[in-house]
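Peer 1: got a structure for you, letters missing:
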Ligand code: HEM
């Protein structure tokens, strides 16, 4: 009988790891930028909001790539030591992360499209590449546009709050695996971390 289970030490590949860490860094940066521009008033808000839009659309593009890559190259299985409710909780968290990785940028894009301000401040990625407006929203009659904007602002804010919760859960679970359980879970996603079971 082998000493370790067959998939012991299996890691995500370089593409999956790069996308994971890049998307994570951009989401945290965008949250910090949102906190910052929420402290400002008037025209000083515009440059950080424009940067927030660019980073958000970048997250959308990278998240679509990440999802496509997940189908092309499925993730390594969780270690056999992760069972029952922990396995179910991990899967629910992954699904919710995809909901926010796609839902936050899409709701932001839709929200700014449903606003007269988009004509003055169009989305231009990093001040260079023009990004389209969602025309069906931009063409709405005034009253409908106002209600759509209000609903999308609420959605964007609620998804932001869901993100805070998920980050706390995800980082907390990672630290538990790394420090208390000392199993292979975290090493699967960290390039230079050796798996304890190998
Ligand atoms: C990674 C993606 C994104 C994250 C993590 C994110 C996060 C946030 C957060 C936390 C807020 C503050 C909400 C609040 O005050 O309760 C916010 C506000 C905002 N976001 Fe995003 N967002 C993202 C993508 C986008 C995109 C793609 C756009 C537009 C193209 C956008 C446009 C805005 C705008 C205009 C506001 C200010 C809303 C207002 O107070 O009037 N966001 N975002």
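Peer 2: Here it is on my side, so go on. Keep in mind the model is a prediction, meaning the values are calculated, not measured. Numbering: from 1, shown residues only.
Peer 1: Can you pull the residues of the chain lying near the ligand?
Peer 2: 27, 30-31, 34, 38, 49, 52-53, 56-57, 59, 104-105, 108-109, 112, 123, 153, 156-157, 160, 163 (Cβ under 6 Å from any ligand atom). Heads up, the C-betas are built off the backbone N, CA and C, glycines and all.
Peer 1: Residue 13 is in contact with residue 73, correct?
Peer 2: Yes. The pair residue 73 and residue 13 passes the contact test of Cβ atoms under 8 Å, sitting 6.0 Å apart.
Peer 1: In the chain, what residue spans correspond to strands?
Peer 2: Here the chain has its strands, by DSSP state E, at 124-125, 129-130.
Peer 1: what's the most buried one of those strands?
Peer 2: Across those, averaging neighbours per residue (mean count of other Cβ atoms under 10 Å) puts strand 124-125 on top, at a mean of 14.
Peer 1: Residue for residue, what is the longest helix this protein has?
Peer 2: helix 142-175 (DSSP state H).
Peer 1: contacting residues for the one residue sitting closest to the centre of the chain?
Peer 2: Nearest to the geometric centre of the chain sits residue 101, at 3.3 Å (Cα atoms, centre = their mean). Counting by Cβ atoms under 8 Å, 6 or more residues apart in numbering, residue 101 touches 23, 27, 59, 60, 63, 66.
Peer 1: shouldn't the third one be in contact with residue 28?
Peer 2: No. When contacts are counted by Cβ under 8 Å, residue 59 is not listed as touching residue 28 (10.7 Å).
Peer 1: for the longest helix of the chain, what is the average pLDDT?
Peer 2: For helix 142-175, mean pLDDT is 96.
Peer 1: hmm, back to that, out of the residues of the chain next to the ligand, name the ones that lie in helices.
Peer 2: 27, 30-31, 34, 49, 52-53, 56-57, 59, 104-105, 108-109, 112, 153, 156-157, 160, 163.
Peer 1: Please pick the buried ones from those.
Peer 2: 27, 30-31, 34, 49, 52-53, 56-57, 59, 104-105, 108-109, 112, 153, 156, 160, 163 (16 or more other Cβ atoms under 10 Å).
Peer 1: now the nearest residue to residue 46 once chain neighbours are set aside: how far from residue 35?
Peer 2: Counting by Cβ to Cβ, 6 or more residues apart in numbering, residue 121 is the residue found nearest to residue 46 once chain neighbours are left out, at 6.3 Å. For residue 121, the distance to residue 35 equals 20 Å [Cβ to Cβ, to the nearest Å].
Peer 1: Give me the more crowded residue out of these two.
Peer 2: The neighbour comparison of residue 121 against residue 35 (other Cβ atoms under 10 Å) goes to residue 121, with 13 against 10.
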